[in-house]
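Novice: Fold the following and give me the result.
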Amino acid sequence: MGSALPGARSRASPGGFVTDTDLRIEPLSEQSADAWVALFDACGCACFCRYWHFDGTKNEWLARSSEALPTNCEEQLGLVRNGAVEARGLVAMRANLAVGWMKLTPRACLRKLTRQGAYRALDLGPDEGIWSVGCLLVRPCERRRGVASALVAAAEEWTRRWGGRAVEAYPQRVTYALHDEEAWMGPEVVFVERRWEAVHDVAPYPVYRKTVRSD
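Specialist: Coordinates of the predicted model:
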């Protein structure tokens, strides 16, 4: 995924940690909100991480996500301002530029995800203490430079800080190269490299988990 070693840290900072000389991972906040919006705009993504929380039909979602409508963005930023846990996630920053994003929230907030056909019949255990990687987004010019790996490493730390005991991921496993836009739940390799456990090791939708606290 790039030259940076997964999870390598060079120095700590109060609001996050630096994974190389200029990449900083921090929680999404009002201070980083403008940079976060610019990241979604640069990637051509109008979802603004509200898909898992939308209960309407596919056509209603497509209409809501029209680039002419700010609904998703306004909803997410309103939740960030209010400190809502369902809006949590991590932003990868180079100076004032957001280059990556991971939705990181309790699994209990992502009912739509666990109701998907690939996961509905699975017994993944109780939701308590389990956080989920809801998506991974990297600025096009920063892809394959270790940003996703840095976000996955940071997810372990922030899940622990936020009181979780484990964090799960739901990548796609296929025998061909995915287009970048198809890997929006994260490329499987980054979770393998971080030695996350495959608790459901079946293609095309395995489930990976990393325990971050044993108590």
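Novice: so how far is stretch 122-139 from its chain's centroid?
Specialist: 9 Å (C-alpha atoms, centre = their mean, to the nearest Å).
Novice: Counting neighbours, which bits of it end up buried?
Specialist: For stretch 122-139, the neighbour count (16 or more other C-beta atoms under 10 Å) marks 129-139 as buried. The C-beta positions use only the backbone N, C-alpha and C, and glycine is treated the same way.
Novice: Any stretches of the protein with poor pLDDT?
Specialist: Within the chain, the ranges that satisfy pLDDT under 70 run 1-21.
Novice: And the furthest pair within the buried residues of stretch 122-139?
Specialist: Gly129 and Arg139 (31.8 Å; C-beta to C-beta).
Novice: shouldn't Cys45 be in contact with Leu137?
Specialist: Yes: judged on C-beta atoms under 8 Å, Cys45 makes contact with Leu137 at a distance of 6.5 Å.
Novice: re earlier: distance to Pro70 and secondary structure added to the buried residues of stretch 122-139, as CSV?
Specialist: Output for those, formatted as CSV (distance: C-beta to C-beta, whole Å; DSSP: H, G, I helix; E, B strand; the rest coil):
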residue, distance to Pro70, secondary structure
Gly129, 35, coil
Ile130, 32, strand
Trp131, 28, strand
Ser132, 26, strand
Val133, 26, strand
Gly134, 21, strand
Cys135, 19, strand
Leu136, 23, strand
Leu137, 18, strand
Val138, 23, strand
Arg139, 21, coil
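Novice: List the beta-bridge partners for the closest residue to Leu178 other than its chain neighbours.
Specialist: Distances taken as C-beta to C-beta, 6 or more residues apart in numbering place Gln172 nearest to Leu178, at 6.6 Å, with adjacent residues excluded. When bridges are called by DSSP bridges, Gln172 pairs up with Pro187.
Novice: Show me what the longest helix seen in the chain is packed against.
Specialist: Ordering each helix of the chain by length in residues (DSSP state H) puts helix 147-161 first. If you count contacts as 3 or more C-beta pairs under 8 Å, 6 or more residues apart in numbering; DSSP states H and E, helix 147-161 packs onto strand 16-18, strand 23-27, strand 89-94, strand 97-106, strand 130-138, strand 166-169, helix 188-193, strand 207-211.
Novice: so which of those gets nearest Asp55?
Specialist: Using C-beta to C-beta, the helices and strands packed on helix 147-161 put strand 130-138 closest to Asp55, at 15.6 Å.
Novice: neighbouring strands for the closest one, and are they parallel or not?
Specialist: strand 97-106 (antiparallel), strand 166-169 (parallel).
Novice: any idea of the angle it forms with strand 89-94?
Specialist: Orientation check (axes from the mean of the first three to the mean of the last three C-alpha atoms, to 10 degrees): strand 130-138 against strand 89-94 gives 30 degrees.
Novice: Only the buried residues of the longest helix of the chain, if you could.
Specialist: 147-160.
Novice: What distance do you get for the most centrally placed residue in the chain to Arg144?
Specialist: For the chain, Met102 is the residue whose C-alpha lies nearest the centre (C-alpha atoms, centre = their mean; 2.5 Å). Distance of Met102 to Arg144, computed by C-beta to C-beta, to the nearest Å: 17 Å.
Novice: Which single one of the buried residues of helix 147-161 is nearest to Ala108?
Specialist: Thr159 (13.7 Å).
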